[in-house]
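Novice: what follows is a predicted protein model with its sequence.
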Protein chains: 2
Amino acid sequence: MPSYKAPLRDTRFLMNEVFDFESHYKTLPNGEEATPDMVEAILSEMAKLCENTVAPLYQSGDEEGCRLENGQVFTPKGYPEAYREFVAGGWQGLSHPVEYGGQGLPMSLGLIKHEMLGTANWSFAMYPGLSLGAMNTIQMHGTDEQKETYLTKLTEGTWAGTMCLTEPQCGTDLGQVKTKAEPREDGSYKITGTKIFISSGDHDLTENIVHIVLARLPDAPAGTKGISLFIVPKYLPGQIGEDNGVSCGALEKKMGIKASATCVMNFDQATGFLIGPPNQGLECMFTFMNSARVGTAIQGVAHAERAYQASLPYAKERRSMRALSGKKDPEQVADALIHHGDVRRMLLKQKAYAEGGRAMAYFTAMYADHMIAGMLENDQKKYDKWDSELGFLTPILKGFLTEKGLEAANEAMQVFGGHGYIKEHGIEQIARDARISTLYEGTTGIQALDLLGRKVLLTSRGKCVRSFSKNLVDFGRQHLKDAKLRPYAWKLLKIAAEWNYLTTRIMLAATKDRDIVSTASYDYLMYSGYAMMAYFWALQAATARDKLENGGNEPAEFYKAKLATAEFYFDRLLPAAKGHADAALKPTRSTMQMSAEHFSFDYE
Amino acid sequence: MPSYKAPLRDTRFLMNEVFDFESHYKTLPNGEEATPDMVEAILSEMAKLCENTVAPLYQSGDEEGCRLENGQVFTPKGYPEAYREFVAGGWQGLSHPVEYGGQGLPMSLGLIKHEMLGTANWSFAMYPGLSLGAMNTIQMHGTDEQKETYLTKLTEGTWAGTMCLTEPQCGTDLGQVKTKAEPREDGSYKITGTKIFISSGDHDLTENIVHIVLARLPDAPAGTKGISLFIVPKYLPGQIGEDNGVSCGALEKKMGIKASATCVMNFDQATGFLIGPPNQGLECMFTFMNSARVGTAIQGVAHAERAYQASLPYAKERRSMRALSGKKDPEQVADALIHHGDVRRMLLKQKAYAEGGRAMAYFTAMYADHMIAGMLENDQKKYDKWDSELGFLTPILKGFLTEKGLEAANEAMQVFGGHGYIKEHGIEQIARDARISTLYEGTTGIQALDLLGRKVLLTSRGKCVRSFSKNLVDFGRQHLKDAKLRPYAWKLLKIAAEWNYLTTRIMLAATKDRDIVSTASYDYLMYSGYAMMAYFWALQAATARDKLENGGNEPAEFYKAKLATAEFYFDRLLPAAKGHADAALKPTRSTMQMSAEHFSFDYE
């Protein structure tokens, strides 16, 4: 496994040259401290932690995995120490309120931190990552006392948190949740039920774990409207070490992310505390769903980047055959792989997805900052506006970037040939780890339905597409007369029109045949992802070109490589979008006509 | 893991209704015995062996893996017994000469047998599968004595074989092979060197293992023209149990196919015997390369089928949410997954690739039969003609079907949601096992270069495309006036034109810029795969329609499902072809312009 190096040059390019985070932070109520110096210090310190402490545990953590002994989960060797270093650096509370011990910096910095940490070692990053879900829930819906009791410890990082949603009979369809919450006289609740797939459900990194649990009150209505949220700590505050009826029943054996403990959690009359209003647990849960999903979308960027960092050195070092246009390393027995066009295609694909995805994520992170600003300023309208903007971007990022991250990891394996299949090189681990990203936090199919069914059709009648695609139109108009950027400008104008046309056509078809929302959703999502990434590659190309002409940072080749990668994206990856648009518009018949029992004839 | 059921209904549909294997077998010198009764007996007996003995070892074999103890490799529990049953049934020699103990049946039956066996348990199927490589090599290039000594035992299955090509420094680029062969006075050779990634390199299934080894004679010219082939048995004939300097140095730890032993093989002055002419080892090796690769192409069909058989019952059983067009199971807590359009899309994709791939494989198997006929009849011209036809189909099948098999396995995981990532369900194993198929026997990139660079441009100047696409044109013309088949007819005419246009354009571009052969190769291969599968889906649709109108076998719904799946393929999968064509035609600049050192700026 090659070492990890934080791609700081690209991060700085996006923050300082493409997006101007400095000005952005000046508009935020919590942006004052986020000065360029502070940002730079965060980036370089985080990079050190990731490169020197967290990344080296990536492969060993996969080999060793977690273990459950006498009811206690142990993480792989080195994880507790690395986590302590993470806590000592104050990293957990980076974007959380100062009053609970955080640094109060904008959320975008938290996401960028998460990107580096996750690229270095996704399994490791999941422990503090899951805590964020609990922290956000308590911050948003907890009482002052709950915040004082739990948020302080969580922000510090000495306690960790989880989200306990899934049960054996339901994942996506949380209306089927059965876990019971019975009130006690002291105002607390007895929580009883089984939760599965609980990431970080138990571990040895912190002295306590705070579970946010979905459960039903005795008189709760059936379905989604009868679910409430509870804080159920492993140990009750002040009673560390004393059994609270919360236990890990088993660790799941998984394809990957083996250093992340995926637990079956049993709640046996565990003492819990209601958080938020009764029966409105799902709404509360969904408050931070968008930003949590952006956190998972980043996994796509992380694995594309890590895969690229692993396969590029191999492509430069390994020699096989001669380049078609003539010997490149005549004194060697054969040319390096990187001189072969098809190997370059695989490398550039990874690079294009990693850097294009990063641009999408950073842009979206700014929306998250604005949403938080609305919350901090108690400006509900502002909050709603940005939450809704975020709601459109989120499923596209989560669905598209995780699929492309997996594709990138698979391409990296192809670069290695048969060696890619061998554990030794660590590249197959990236593909296995990437594989979870399209499944959890809502599968790609669920993201697609959320995008097309909810965000585009139900909530906005296509307005969100019209609104976002204005960015493409603006870019197109602005650069149409620029010889270098004209191809991108022209293409973006075309895509903007096509995207809206596609949306309208599906919207019209759906009035007669609801099934199209489901049959078209996946291809619609993928189309939207390609379209959106095209915009962000055009934006990067425009910046690179501007810097090349008007003086940017050294080396100039960085900008030239950006231009080349943008060209590659438009030339070689974007053509796939059309196929998705064509497929999405096809009548539902071919998908829906076969009866369930005729899907097979020989088996079942 | 759901049980495996051989898809005999579909096999019979292809053999008896789409292709007419009965007539085909009558044209073959070795086809006399392959009567419909015999074929039916083979299918149903093989199905029993696969369903009852081989498939149940699939998941346990993955969990247990192989182990190396005191230089001996042991396969997982149950494998030796299952292999003995396979040998007792005379399955190994099904398509090999009667004079060496085989049944002398056509090769296509061997491939269909291999498909069932591989779908039941790919790792298991690799042991007899690798033997076939050795058997074919000895049959084609061995002396009568070598045939008598080795081929008899191999055909019986009491000995097994391997192909030892790859070395640490080279896989694709076999010109770099370093293993040495020094002549002894008795006419044998001392073989010394290290081979890696040797599937079935050692195991406990047979009493001896016959390695076919690529090595260099002392005076051999450098590169590919200095490589010879040797038979190097684990134990010399008549000296079973006595060390011959052949040992397994290590077992590779791999992502999947864990029940298949992937060995580092050390040859330490091992006694070997030259097979075929000196320095022409690579040519000899490539004799059967096409049929070997068709064998690997079948892995794509196998995993798509197995994934489908695993995910379909889950989709029928698991309940989540309500169908968009209204409740389908109103009395239940939620509708079964299969009522959701996007889940159907994922299922139909698997079905379309499994059945479309199977049709492609069976068609290709008939070409292999003709090639063997040429050999049996000592008709070099006939042999060359069919070998060349096969040479065009092979990289398309290997490249396209294995990529699609992997895609299908990944879609099956998506159907399971988070449960797909858990080992318990066995579905992630299919995805891990499928992952090797695009890497070994020539990566997808190598297949692509073989197709475009060698088969299309170098050898035939596009003639092979013109020739094959005539099938599409003929179908188009024949069915253009048929209302039901017209959309397919029309589409095939369009594809035939587009495929030839694409070929010509690339051919012209290549005269000015050789790099396009490499940069376009992957997309060209994928386009060709989509185009070819479109033809085979149209063919199946035409047969199904004919049977529906003119009376076929029961149930009629089988044919309706075929028509529906064909429609799905054309509507929802084929649109991706256009994107590949567009990408393939793009100038090489975006792929080739960046210098190797500018692929990255932060790392290395």
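Specialist: Done, it's in. Given the structure is predicted, the values throughout are model-derived calculations rather than measurements.

Novice: all contacts plus neighbour counts: C-alpha atoms, from now on.
Specialist: Noted.

Novice: tell me which stretches of chain A form strands.
Specialist: Here chain A has its strands, by DSSP state E, at A:67-69, A:72-74, A:159-164, A:180-183, A:189-199, A:208-215, A:228-233, A:246-251, A:262-275.

Novice: any chance of JSON lines for those, columns mean neighbour count, distance to chain B and mean pLDDT?
Specialist: Converted to JSON lines, those look like this (neighbours: other C-alpha atoms under 10 Å in any protein chain shown; distance: least, C-alpha to the nearest C-alpha, whole Å; pLDDT from 0 to 100):
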{"stretch": "strand A:67-69", "mean neighbour count": "14", "distance to chain B": "16", "mean pLDDT": "98"}
{"stretch": "strand A:72-74", "mean neighbour count": "18", "distance to chain B": "18", "mean pLDDT": "98"}
{"stretch": "strand A:159-164", "mean neighbour count": "27", "distance to chain B": "14", "mean pLDDT": "97"}
{"stretch": "strand A:180-183", "mean neighbour count": "22", "distance to chain B": "18", "mean pLDDT": "98"}
{"stretch": "strand A:189-199", "mean neighbour count": "23", "distance to chain B": "8", "mean pLDDT": "98"}
{"stretch": "strand A:208-215", "mean neighbour count": "27", "distance to chain B": "17", "mean pLDDT": "98"}
{"stretch": "strand A:228-233", "mean neighbour count": "27", "distance to chain B": "19", "mean pLDDT": "98"}
{"stretch": "strand A:246-251", "mean neighbour count": "21", "distance to chain B": "10", "mean pLDDT": "98"}
{"stretch": "strand A:262-275", "mean neighbour count": "23", "distance to chain B": "10", "mean pLDDT": "98"}
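
Novice: could I get those in a markdown table, plus columns for distance to residue B:486?
Specialist: A markdown table is the format used below for these (distance: least, C-alpha to C-alpha, whole Å):
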| stretch | distance to residue B:486 |
| --- | --- |
| strand A:67-69 | 60 |
| strand A:72-74 | 62 |
| strand A:159-164 | 54 |
| strand A:180-183 | 59 |
| strand A:189-199 | 49 |
| strand A:208-215 | 54 |
| strand A:228-233 | 56 |
| strand A:246-251 | 55 |
| strand A:262-275 | 52 |
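
Novice: quick one: residue A:580 from residue A:153, how far?
Specialist: As judged by C-alpha to C-alpha, to the nearest Å, residue A:580 and residue A:153 stand 47 Å apart.

Novice: worst-scoring helix or strand of chain A, pLDDT-wise?
Specialist: Counting by mean pLDDT, DSSP states H and E, the weakest-scoring helix or strand in chain A turns out to be helix A:281-287, with a mean of 88.

Novice: below-threshold pLDDT in chain A: ranges please.
Specialist: Under the criterion of pLDDT under 70, the regions of chain A flagged as low confidence span A:1-2, A:603-604.

Novice: at 80 what do you get?
Specialist: Chain A contains residues with pLDDT under 80 at A:1-2, A:287-291, A:603-604.

Novice: longest helix of it?
Specialist: The single longest helix within chain A, with elements called by DSSP state H, is helix A:341-376.

Novice: and it, what's buried?
Specialist: Using 16 or more other C-alpha atoms under 10 Å in any protein chain shown as the test for burial, helix A:341-376 gives A:341-375.

Novice: in the stretch 351-500 of chain A, what residue comes closest to chain B?
Specialist: residue A:422 (4.5 Å; C-alpha to the nearest C-alpha).

Novice: so that residue bridges to which residues?
Specialist: Beta bridges link residue A:422 to residue B:254, judged by DSSP bridges.

Novice: I'd say it and residue B:256 touch.
Specialist: No: at 9.1 Å, residue A:422 does not count as touching residue B:256 under the criterion of C-alpha atoms under 8 Å.

Novice: the residue in the stretch 151-300 of chain A positioned nearest to chain B: neighbour count?
Specialist: Relative to chain B, the nearest point of the stretch 151-300 of chain A is residue A:254 (4.5 Å; C-alpha to the nearest C-alpha). Counted with other C-alpha atoms under 10 Å in any protein chain shown, the neighbours of residue A:254 add up to 21.

Novice: got the contact list for it?
Specialist: Neighbouring residues of residue A:254 by C-alpha atoms under 8 Å, 6 or more residues apart in numbering or on different chains: B:421, B:422, B:423.

Novice: these two touch, right, the last one and residue A:258?
Specialist: No: counting by C-alpha under 8 Å, residue A:258 is not a contact partner of residue B:423; they are 11.8 Å apart.

Novice: ok, these two, which is more surrounded?
Specialist: residue A:258 (25 against 19).

Novice: I'd guessed that one sits against residue A:58; true?
Specialist: No: contact criterion C-alpha under 8 Å: residue A:258 and residue A:58 do not qualify, at 9.9 Å.

Novice: between those two, what contacts are shared?
Specialist: Contact criterion C-alpha under 8 Å, 6+ apart; residues shared by residue A:258 and residue A:58: residue A:123.

Novice: what parts of the stretch 101-250 of chain A come near chain B?
Specialist: A:170, A:171, A:172, A:173, A:176, A:197 (C-alpha under 8 Å from any C-alpha of the partner chain).

Novice: count of neighbours near the fifth one?
Specialist: Counted with other C-alpha under 10 Å, the burial measure for residue A:176 works out to 23 neighbours.

Novice: cool, the third one as well?
Specialist: Close neighbours of residue A:172, defined as other C-alpha under 10 Å, add up to 19.

Novice: hmm, residue B:318 and it touching each other?
Specialist: No: using C-alpha under 8 Å, residue A:172 is not in contact with residue B:318; the gap is 11.6 Å.
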